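Participant: No letters, just coordinates:
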């Protein structure tokens, strides 16, 4: 089993698109996948046509202690469950501020669900911030994927992300590792994209062994700019359902193969 948080504190870099299509692609390969939407905007939920309104249970009900993850998850495709979110989740930051165990609410809930109903992959779409929801995700998972747009300022933002993973590793989750960087919105043939990619590889290669991003890979498959990826959410579909022949489907399909190739290396039994 693998548990993966997809995170970047900057919006518009392909975080939700990558979470959704990675989860959908893995499910298409026969893996049992649970996608947890931790963004109060609920875009990952909307991507699968889920609009949690009224009494529809969401991940907010899990944080508030009224539901379990098993109560909340919805089967959206073969092998694929989604735990939806909506704007109610924004209140979690304030409601948990005085809780002594605010960083481990999701970890405990996830362990209970997985012991009863195990899956092969858990993918978490984190909010574009480094608050209590993202910390809950980092405390609950063993891997981090970082979607990155290959621009100069993206590398500066990356340092803050990595500092956060190091802090969580020291204080809350010794098993946490940054295992993959996904280059999104990639413009093939531009000098800037190639230079940023080279700088990123050089930085990772020089990382000391004790940091949680030591050994992280930059996925070979780039996610190119593709209008079909932007259109798919409005139809409540992953890119594989919306346009399986598009370059977006090809790119995410190849990324899924890279993730699966590392399955033996990173798959671990569920902690007791």
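Facilitator: Here it is on my side, so go on. These numbers come from a predicted model, not from an experiment.
Participant: So what would you say the end-to-end distance of stretch 234-247 is?
Facilitator: Using Cα to Cα, to the nearest Å, one end of stretch 234-247 lies 18 Å from the other.
Participant: which residues are contacting that stretch?
Facilitator: 20-21, 24-25, 28, 46-50, 77, 224, 226, 228-229, 231-232, 248-249, 252-253 (Cβ atoms under 8 Å, 6 or more residues apart in numbering). (Glycine included, C-beta is placed from N, CA and C.)
Participant: buried residues in that stretch?
Facilitator: 236-240, 242-243, 246-247 (16 or more other Cβ atoms under 10 Å).
Participant: Spatially nearest residue to residue 102, not counting backbone neighbours?
Facilitator: residue 96 (3.9 Å; Cβ to Cβ, 6 or more residues apart in numbering).
Participant: For the one you found, give me phi and psi.
Facilitator: When read as degrees, to the nearest 10, the backbone of residue 96 gives phi -100, psi 0.
Participant: With pLDDT, secondary structure and distance to residue 129 as extra columns, can I get the buried residues of stretch 234-247 in JSON lines?
Facilitator: Below are the buried residues of stretch 234-247 laid out as JSON lines (pLDDT from 0 to 100; DSSP: H, G, I helix; E, B strand; the rest coil; distance: Cβ to Cβ, whole Å):
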{"residue": "236", "pLDDT": "94", "secondary structure": "coil", "distance to residue 129": "26"}
{"residue": "237", "pLDDT": "96", "secondary structure": "coil", "distance to residue 129": "27"}
{"residue": "238", "pLDDT": "96", "secondary structure": "coil", "distance to residue 129": "25"}
{"residue": "239", "pLDDT": "97", "secondary structure": "helix", "distance to residue 129": "26"}
{"residue": "240", "pLDDT": "97", "secondary structure": "helix", "distance to residue 129": "29"}
{"residue": "242", "pLDDT": "96", "secondary structure": "helix", "distance to residue 129": "28"}
{"residue": "243", "pLDDT": "97", "secondary structure": "coil", "distance to residue 129": "31"}
{"residue": "246", "pLDDT": "97", "secondary structure": "coil", "distance to residue 129": "31"}
{"residue": "247", "pLDDT": "96", "secondary structure": "helix", "distance to residue 129": "30"}
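Participant: Quick check: of those, which lies closest to residue 137?
Facilitator: residue 238 (21.1 Å; Cβ to Cβ).
Participant: quick revisit: out of the contacts of stretch 234-247, which sit inside helices?
Facilitator: 20-21, 24-25, 28, 46-47, 228-229, 231, 248-249, 252-253 (DSSP state H).
Participant: Buried by neighbour count, from those: which ones?
Facilitator: 20-21, 24-25, 28, 46-47, 229, 248-249, 252-253.
Participant: Identify the farthest-apart pair in these.
Facilitator: It's 46 and 253 that sit farthest apart of those, by Cβ to Cβ, at 22.5 Å.
Participant: Helices along the stretch 151-272 of the chain, start to end?
Facilitator: With helices called from DSSP state H, counting those that start in this stretch, the stretch 151-272 of the chain shows them at 152-171, 191-205, 227-231, 239-242, 247-261, 263-266.
Participant: Identify whichever of those lies nearest to residue 114.
Facilitator: The nearest among those, by Cβ to Cβ, is helix 263-266 at 15.9 Å.
Participant: Could I get the buried residue list for the closest one?
Facilitator: For helix 263-266, using 16+ other Cβ under 10 Å, the buried residues are residue 266.
Participant: So which residues of the stretch 51-200 of the chain form strands?
Facilitator: 74-77, 80-83, 121-125, 143-148, 177-183 (DSSP state E, counting those that start in this stretch).
Participant: Next, the angle from the third one to helix 247-261.
Facilitator: In this case it means strand 121-125. Per axes from the mean of the first three to the mean of the last three Cα atoms, to 10 degrees, the angle that strand 121-125 makes with helix 247-261 is 130 degrees.
Participant: Pull the residues that contact strand 121-125.
Facilitator: So strand 121-125 is contacted by 1-6, 15-16, 19-20, 22-23, 26, 31-39, 43-44, 110, 114, 137, 140-141 (Cβ under 8 Å, 6+ apart).
Participant: quick check, residue 34 in a strand?
Facilitator: Yes: under DSSP: H, G, I helix; E, B strand; the rest coil, residue 34 sits within a strand.
Participant: in this protein, what spans have low per-residue confidence?
Facilitator: 269-272 (pLDDT under 70).
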